[in-house]
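S.K.: need coordinates for the below:
(one chain, ligands or ions: 1)
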Amino acid sequence: MAVNVEGSKGNYAHAGNLKSRVSLYDYREPQFDPVDVAADLMPADPRLVLDVGCGHGRYLKRLRADHPAAAVVGIDAAPGMLSEVEPPIMVADARAIPYPDGSVDAVLAMHMLYHVPDIAKAVGEFRRVLKPGGTLLVSTNTHDDMAEPYAHWARAIRAVLGPDTYIPSAEVANFDSANAPDYLEAAFGSVERFEKRGLVSVPEPRPLMDYLVSIRSYVDCDDAAFDRILAVAAAELESHFAAHDVFEFEKAIVFYRCR
Ligand SMILES: C[S@@+](CC[C@H](N)C(=O)[O-])C[C@H]1O[C@@H](n2cnc3c(N)ncnc32)[C@H](O)[C@@H]1O
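M.R.: Down below sits the predicted model:
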């Protein structure tokens, strides 16, 4: 089946790219798992939970274990992301959720709203399907998230493709800590914010190169040009590691609980 998740440029044809990016945070101190944060913010005893943009299902596993009496449904617009996810699952778009008004106890939208072309419409859908008093949990990146690696990748991309080339972090800015509250407060009376921050110290070039490869689909060029981008990035990292033991940056995530 053709995959067309608008806004994410085919990055979610399969789960490998996302898994590669998440593994970079194994080097984060203090260690924290965003799944634990979301689990702690869930309402008690939900009966129906939708994880919209569930990806490869890392939140689903935990929520199903924590709430065995609940139906916890994984929803994603990209069928390939769901290939290894246990049912109940559904291919659907956040802007048109196939559930009746006021039928759901909790909706999760974790690190996905920046991909949705009409964010206000998706947030409106979350409000529509939630029961009165139901809970929406949202996560995204802070505005200053991962500044150093994104600057490094942007230098490599622009060295090959020119100074005005689109860089992958631009899409995340569609919905980050700077503008998320505006979208959420427009639809929910109560919006609480929780932030988690850690220092990522990467001891070798490989995980940073793997991350750059994982965002290949966002870079509009042929494979030969992308190979040149990789070569520029690798050379810069070689110089960096000749002078430093680690490549350091802050990884910060913000969670919103909306009711
Ligand atoms: C960064 S991944 C996050 C996955 C998961 N929530 C997590 O945090 O591990 C974004 C996910 O949102 C999905 N997605 C993008 N646009 C969507 C849309 N309009 N409706 C539903 N899912 C969408 C993608 O296919 C992808 O699986």
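
S.K.: three-state assignment of residue 249?
M.R.: Here residue 249 is strand, with the state taken from DSSP: H, G, I helix; E, B strand; the rest coil.

S.K.: that one and residue 109, how far apart?
M.R.: 25 Å (CB to CB, to the nearest Å). (Glycine included, C-beta is placed from N, CA and C.)

S.K.: which of the two has more neighbours?
M.R.: residue 109 (28 against 22; other CB atoms under 10 Å).

S.K.: ok, that one - contacts?
M.R.: Residue 109 is in contact with 52, 53, 94, 122, 126, 136, 137, 138, 139, counting by CB atoms under 8 Å, 6 or more residues apart in numbering.

S.K.: and the closest residue to the ligand within the stretch 1-150 of the chain, what pLDDT?
M.R.: Here the stretch 1-150 of the chain gets closest to the ligand at one residue, residue 55, 2.6 Å apart by CB to the nearest ligand atom. pLDDT for residue 55: 96.

S.K.: and it, how many neighbours?
M.R.: For residue 55, using other CB under 10 Å, the count is 22.

S.K.: and the closest residue to residue 56 other than its chain neighbours, how many neighbours?
M.R.: Of all residues not flanking residue 56 in the chain, residue 15 sits nearest, at 3.9 Å (CB to CB, 6 or more residues apart in numbering). Number of residues near residue 15 (other CB under 10 Å) recorded here: 20.

S.K.: can you offset everything so residue one is 19?
M.R.: With the count now opening at 19, the last piece we talked about shows up as residue 33.

S.K.: please report how far residue 33 lies from residue 41.
M.R.: 12 Å.

S.K.: ok, back up a step: can you narrow the contacts of residue 127 down to the ones near the ligand?
M.R.: With CB under 6 Å from any ligand atom as the criterion, those include 70, 71, 112 near the ligand.

S.K.: I'd say the last one and residue 71 touch.
M.R.: Meaning residue 112. Yes. Contact status for residue 112 versus residue 71: in contact at 6.3 Å, counting by CB atoms under 8 Å.

S.K.: report the set of residues contacting both of those two.
M.R.: With CB under 8 Å, 6+ apart, residue 112 and residue 71 have common neighbours 93, 95, 127, 130, 131.

S.K.: hmm, back to that, narrow the contacts of residue 127 to those in helices?
M.R.: 140, 144 (DSSP state H).

S.K.: in this structure, which residue is closest to the centre?
M.R.: Central residue check for the chain by CA atoms, centre = their mean: the C-alpha nearest the mean position is that of residue 129, 3.0 Å away.
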